[in-house]
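Asks: the amino acid sequence is not available; the structure is as follows:
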């Protein structure tokens, strides 16, 4: 096991501008199979560093370490100690590079530099650090262990964390002693800072933001690449998570998860919008794992001018606490002391003394002591607000410069959560959401009123909202006119979903239930196995606009087919599809089931099955209703309770729990046992066997496309199977050596979201200090950092290239604030998503500067510059600038231009790849807008690297192949014969990589070491014209999912009749396209590694236009598909046929068996510059093609 703990940035000078040092890099790498053996990868890097308020206090204290052996550089040299050995001993990278300089030059000034040989678990320049809870572990295990042992507040004894993280770069009074601002509360649509409301002061600018045509607009106005919208690859990319399906639940374990998916997201605006501070989002006053909800409760318990007993009574009435100031709330209610306590309240008083919502909405109570119903005491008499902000509400009276409305008009007692205080707050937030958010809005009215194309003005109000907020499940206007569904299709967002037969379009915040059928479902290809199966699942329109279902017009559909047989449901009226599935003792055309009266076996006449009358126990003769309510379940719910719509699974029968209202799920059981859970049915009675099989047969139903009723082609000549080895499909970081025991609540949260270190002391009790991730800083990681959290998608060009990607946060003077480097080996992945942090060089950031992100790409082997991208940071007032971009690697170097102004002095003029901006790219050793500033510390970089800038007086070096380290002074060499079968070995940066090298394989091999041979398919073209190129569609068939499609293309020579494909995944079906015709090349139930086949005119999959007459072709495609069995029944030589959406095979039973088949998939190249002279460019995959042809 690799237990190295290699520190970075230890060579720090005494400078108050240095904000971090002594960093360990934690890497999260997640893979998901995408194309052949290649995966989509999410690569996340989190540097844990010392980021205290006063860095010199920790770094430059006097420390005498007498416990560890120390050696001078000269002593190391004499002992032939190499830099690789020092790294293996967890020496800091700066020290190792300094030692390499000494070995290179024998610099006498370095001969007495000391290396401390640390004894685990200690590490660091002077062995001064060790982890408090994780000994002798690699950094990945340390992080996972520290987060795993965090105890939820809900499991604790009620002690709150000593200081939860705060965002302090905005002046903010939250109205409580302890509750502070969380960065997620900035621009969340309501004022949380009750003093000046600075958390919402500039946010309306985001309402005016529009995205590019190829982008998706997040609900808060930010933009992400369209390709990232609901792409299922990774996590949400919108800051507010609005690119996720609305039905997706928030991660509930964020308190134990340090990754982007938790740390770099705010809460949705329409549900669970109280941020716990770590990525968990709950309803206001609901419980947070880290206990932040308690601070919210504390904030409303401020006494102000209230008497002690009045405050105690009101807090107990909220039911948010059990005890206050030594008074147990339960005793107040049990002994009716509550009425004695409320007598101490003023005739008119405000509670709580701070606003309950935004910074102006307050509860007012009048003559509370005269009320008799204790359940209604907490309901305020009036709700007061700022009349200018809520200009369309009708007031009742005025109180201390506030306008008030009688609470009876607000329906505050509406039950939402079942907790009266929480329900009142939710009602208030919903009701007053229509108010203008901030008074600063009125100062900019002239600016906003001209934006009629982008903004919508609410009826009877001066409030303006983005047109994208129309019909989004949030009432933003007091007349609710923004939620008028007749306006919902007006916004020009192509990402809205239109409902069928309704004039409304859903926003991303709607759930799928908000309209029963959408145009997306209308257009979606119907799964062939679901057609005419007795359960309505799809709607479609005919050419006259009439709505049909997938169960109408099934006269030409064989009810006894491969997908309906033995699934426990009678698809055929006479039950032919369930005959001979298992022995019941009942004759043909009768249905074996259990009598609901005496629990005996009965053989029901076929006429009484599916007739709408329950004749069997569990309504097993009327399965349609349960199938409609629960169409697809892992444990199908098919037992329907008597006189009820409640359906149960077999797991809920005979489990000693009476679930049905009348208890029949238990009454028929001989013994109280989980009878249907038995692996064997040996001891079941015939009654139990019939009931369990009737339910469980559906689990074995063939749902996905299968070829088990088709004949193999070509016929196999041998029974010897040489199967393709399939690599593991998904990989994520595996936890190792994780502690299972929990430690104390307060200790596990000592560093909040950071790592707890022991700092060696001369005394026995070692001091605890914290290593913070980029999101936090402070002695306890108690402050939230301003930052850029960047997600980059990388799409490769040449698959055998290795790139260095340099990401820099710069200002308008090209000063680098922070940077990141990533080595991109194109052949090892399909798509790559990088999650990276960029920090500003000052805390707080300089709001007068123009910050942006520049990304440079270099070819690793020769450090040749390829091109640059520019990403703008539009809303600098946000604490976290969440930015996503998709970068296409250029096939060739960006051309040099000569029209930069001002001119480039020591650089070259180039244009950004994604924008029409020109800039000066500086030569190595130079910087500045004109490349006129010489970098003084570039001599620190190795001579074979390039120096592209500096930060904190440290050079930024880009290393060539075989070099690594901040200064590119260290060498990484591949072991002998590391890559098999002539694979190319790429040495890795062994200080941050789990592997010391990577392999780029030839076209014939794959695997981590190129150890696996790809399968070979030879296709011979018989009696066919030779095309210029040929496409092959490989389908991999599984019982667990729909077929996986892999497309490969190949260019042909003039007389080439044999085509060879090499493929690394198992496949069952191959369709070949040439000259716009399609041929069945392979059907194999068990995949072979090597195969030879041929195609000829008899193997053509004819177009449905040839097979069907004009009457059938005039039907809508969903009507027409009901007739697809006819071609197989009437044409016995037909092997297959096609339409625009399906490929259909003719089975041995002469039934059609169809699968969704996107033969017209866009094969256009992502790059416009690959082919010369206007030739068409084709590639077989959008992000990781195996072939590109012109």
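Replies: On my side now, so go ahead. Owing to the predicted nature of the structure, the values given are computational and were not obtained by experimental measurement.
Asks: three-state assignment of residue 689?
Replies: Using DSSP: H, G, I helix; E, B strand; the rest coil, the structure places residue 689 in helix.
Asks: pLDDT score assigned to the nearest residue to residue 194 once chain neighbours are set aside?
Replies: Take residue 194 and drop its neighbours on the chain: the residue closest to it by CB to CB, 6 or more residues apart in numbering is residue 359, 4.1 Å away. Every C-beta, even on glycine, is put in place using the N, C-alpha and C of the backbone. Predicted confidence (pLDDT) for residue 359: 91.
Asks: and residue 730, by the same measure?
Replies: 46.
Asks: likewise the one 5 residues further on?
Replies: In the predicted model, residue 735 carries a pLDDT score of 40.
Asks: that older thread, assign a three-state SS to the residue nearest to residue 194, would you?
Replies: Per three-state DSSP, residue 359 ends up coil.
Asks: so that it lines up with my notes, have the first residue be 229 from now on.
Replies: Understood, numbering begins at 229; the last thing we discussed is residue 587.
Asks: that one: neighbouring residues, count only.
Replies: 23 (other CB atoms under 10 Å).
Asks: go on, residue 357?
Replies: Count around residue 357 with other CB under 10 Å applied: 23.
Asks: beta partners for it?
Replies: residue 351, residue 987 (DSSP bridges).
Asks: residue contacts, it?
Replies: 250, 350, 351, 985, 986, 987, 988 (CB atoms under 8 Å, 6 or more residues apart in numbering).
Asks: so residue 347 is in which element?
Replies: Counting by DSSP states H and E, there is no helix or strand that carries residue 347.
Asks: next up, the contacts around the closest residue to it other than its chain neighbours.
Replies: Spatial nearest neighbour of residue 347, chain neighbours left out: residue 296 (6.3 Å); criterion: CB to CB, 6+ apart. Neighbouring residues of residue 296 by CB under 8 Å, 6+ apart: 344, 345, 346, 347, 350, 354, 355.
Asks: on that earlier part again, tell me the one of the contacts of residue 357 nearest residue 1272?
Replies: Sorting these by how near they are to residue 1272, with CB to CB, puts residue 351 at the top with 45.4 Å.
Asks: burial of that closest one, as a residue count?
Replies: 26.
Asks: and it, what does it touch?
Replies: Counted by CB under 8 Å, 6+ apart, residue 351 has contacts 233, 235, 318, 357, 358.
Asks: confidence score at it?
Replies: 93.
Asks: what's the answer for the one 5 residues further on, then?
Replies: Among the per-residue scores, residue 356 shows a pLDDT of 90.
Asks: these two touch, right, it and residue 986?
Replies: No: under the criterion of CB atoms under 8 Å, residue 356 makes no contact with residue 986, lying 9.0 Å away.
Asks: so which of the two has more stuff around it?
Replies: For residue 356 versus residue 986, neighbours defined as other CB under 10 Å are more numerous around residue 356 (24 against 18).
Asks: check the gap between that one and residue 342 for me.
Replies: Distance of residue 356 to residue 342, computed by CB to CB, to the nearest Å: 13 Å.
Asks: now do residue 263
Replies: 52 Å.
Asks: buried ones in stretch 1065-1085?
Replies: Neighbour counts over stretch 1065-1085 (16 or more other CB atoms under 10 Å) mark 1065-1069, 1071, 1073, 1077, 1079-1085 as buried.
Asks: tell me who's in contact with the residue at minimal distance from the centre of the chain.
Replies: Geometric centre of the chain, nearest residue: residue 463, 1.1 Å, by CA atoms, centre = their mean. For residue 463, the contacting residues are 488, 489, 493, by CB under 8 Å, 6+ apart.
Asks: so the second one sits against residue 469, correct?
Replies: In other words, residue 489. No: between residue 489 and residue 469 there is no contact under CB under 8 Å: 9.6 Å.
Asks: neighbour count winner among these two?
Replies: residue 469 (23 against 19).
Asks: quick one: the more buried one and residue 425, what's the gap?
Replies: Using CB to CB, residue 469 is found at 24 Å from residue 425.
Asks: what of residue 914?
Replies: 73 Å.
Asks: and these two? Which one has more around it.
Replies: Neighbours per residue (other CB under 10 Å) separate residue 914 from residue 425, with residue 425 holding more: 19 against 14.
Asks: re earlier: now, which of the buried residues of stretch 1065-1085 sits nearest residue 1195?
Replies: Distances from residue 1195 to the buried residues of stretch 1065-1085, taken by CB to CB, are shortest for residue 1084, at 18.5 Å.
Asks: ok, for that closest one, nearest residue in space, not its chain neighbours?
Replies: Per CB to CB, 6+ apart, closest to residue 1084 is residue 1034, 4.5 Å.
Asks: fine, thanks again, bye for now.
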